[in-house]
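Colleague: kindly return the folded structure for what I paste below:
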Amino acid sequence: MHSTADQMLIKISAFVYDATEVPHHRLPMLYDQAISVLVYDVIGHCKVDDTLKMKWTEAFARQVATFVNYLEEQERLVTLLQSKGYTPAILKGLSAAMYYPEPAYRAVGDIDFLPFPRENDGVEKISELLRNSGFIFSEDNNPRHLGFSKNGISYEMHRYFSMKETKGEKEIDELIEGSTVVERCLKGWPEYHFYSFPDEINGLIFLQHINQHLISGLGLRQIIDWMFFVESVVTDEFWKQTLKPLTDKVGLTTLAITVTKMCEISLEEPKHSWAATADEKACRELFQLLDESGNFGRKKNRKDNSVTTVLNQRAGGFKG
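Modeller: All right, here's what the predicted structure looks like:
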């Protein structure tokens, strides 16, 4: 008898490969979606030859090594900033991985953080601190964040999270910046600590991340972040009393319901009464968009925009 998480992972594996009998030519699709290691524990339920199984084992070893290095470098960042009275609250990254059945299986890349306390000159002070501590500054001009790199890790220190293009996005930033950061550690990795946001704020961040990529190129990884977040903390009571009032406020309730229902239909996520009103045709078309886009739009083509247009027409848009 498989756990709910295992059932979802088996379904993800089947989606990525189009079948439980895995042909070699489907392997690149798994890497396109940046979830190659996510299904490592359940691949034994699929018919895989020894050569492919060896590739999977090697990919797993590389992922864990990358993850440990990522944890160590982030720990150094936290220690450095705290020595000067600042706390870096992690956006996505480990703040998403902590909801996974096995945190190390979530692909990691940049370390995005928002420094607290929120001071007018805090970003400039921390920028100077990072430069003096061996971090290499990126000259890329982005109003949302400053980029740095050190020891093979890229960092983005955010001035704010959203694009600030709509009222809802500005309200998301107000909620994020007005929240109290929470000290966390990962299941199975108690020696590493970091700072994140309350669960309901993380939920808004995951939803807005999906929202931002609806046009630029949506990937399965962003959906899975939301899916495991829902399975980890979003009970009916949590949705009604805590999360929905916030998604209503920032205009992301329709998106939350649609993505959750899509995961129920296509990825074996358990049913949730609060997602029952979702437009099922829009859910299926959104899943089609995922298949065509790959991770962060790596497979993006002109058809993506037409599918997104249909989705917005079908569901009346995802705002609201």
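
Colleague: only C-alpha atoms for contact and neighbour calcs from this point on.
Modeller: Will do.

Colleague: what mean pLDDT does stretch 232-241 get?
Modeller: Per-residue pLDDT over stretch 232-241 has a mean of 97.

Colleague: now do stretch 68-88
Modeller: 97.

Colleague: next one: stretch 161-178
Modeller: 93.

Colleague: residues contacting that stretch, please?
Modeller: 114, 118, 144, 160, 197, 201, 204, 208, 249-251 (CA atoms under 8 Å, 6 or more residues apart in numbering).

Colleague: what about burial for these, which qualify?
Modeller: 114, 160, 197, 201, 204, 208, 250-251 (16 or more other CA atoms under 10 Å).

Colleague: hey, where'd the strands end up in the stretch 101-250 of the chain?
Modeller: Secondary structure of the stretch 101-250 of the chain (DSSP state E, counting those that start in this stretch): strands at 111-116, 136-137, 145-150, 153-158, 182-186, 189-196.

Colleague: sheet partners, orientation included, of the shortest one?
Modeller: Applying DSSP bridges to the sheet, strand 136-137 is found paired with strand 145-150 (antiparallel).

Colleague: and the strand it pairs with, what's buried?
Modeller: 145-149.

Colleague: again with stretch 172-188
Modeller: For stretch 172-188, by 16+ other CA under 10 Å, it's 172-173, 176-177, 181, 184-186.

Colleague: let me see the contact set for the closest residue to residue 90 other than its chain neighbours.
Modeller: With sequence-adjacent residues excluded and distances taken as CA to CA, 6 or more residues apart in numbering, residue 90 is closest to residue 113, at 4.4 Å. Neighbouring residues of residue 113 by CA under 8 Å, 6+ apart: 88-91, 155-158.

Colleague: about what we covered before: max pairwise distance over the buried residues of strand 145-150: which two?
Modeller: 145 and 149 (13.2 Å; CA to CA).

Colleague: quick one: distance of the biggest helix by length in the chain to the chain centre.
Modeller: Longest helix in the chain by number of residues (criterion: DSSP state H): helix 50-82. Distance of helix 50-82 from its chain centroid, counting by CA atoms, centre = their mean, to the nearest Å, is 17 Å.

Colleague: report the inter-axis angle for the helix or strand following it versus strand 182-186.
Modeller: Once the chain leaves helix 50-82, the next helix or strand it forms, by DSSP states H and E, is strand 87-91. Strand 87-91 runs at 60 degrees relative to strand 182-186, counting by axes from the mean of the first three to the mean of the last three CA atoms, to 10 degrees.

Colleague: now do strand 87-91: which elements does it pack against?
Modeller: helix 50-82, strand 111-116, strand 189-196 (3 or more CA pairs under 8 Å, 6 or more residues apart in numbering; DSSP states H and E).

Colleague: mind listing the strands the shortest one pairs with, and their directions?
Modeller: Spelled out, it's strand 111-116. For strand 111-116, the pairing partners within the sheet under DSSP bridges are strand 87-91 (antiparallel), strand 153-158 (parallel).

Colleague: model confidence over that strand, on average?
Modeller: Here the average pLDDT along strand 111-116 is 97.

Colleague: roughly how far is it from the heart of the chain?
Modeller: That offset, for strand 111-116, works out to 15 Å (CA atoms, centre = their mean).

Colleague: angle of it against strand 189-196?
Modeller: Going by the same axes, to 10 degrees, strand 111-116 makes 60 degrees with strand 189-196.

Colleague: got the CA coordinates for strand 111-116 in PDB?
Modeller: Once non-C-alpha atoms are left out, strand 111-116 reads as follows in PDB (Å, rounded to 0.1, in the frame of the first residue of the first chain):
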ATOM      1  CA  ILE A 111      19.200  31.400  -3.200                       C
ATOM      2  CA  ASP A 112      16.600  34.100  -3.100                       C
ATOM      3  CA  PHE A 113      16.100  36.000   0.100                       C
ATOM      4  CA  LEU A 114      14.400  39.100   1.500                       C
ATOM      5  CA  PRO A 115      16.300  40.700   4.300                       C
ATOM      6  CA  PHE A 116      14.700  41.600   7.600                       C
END
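
Colleague: done for today, thanks.
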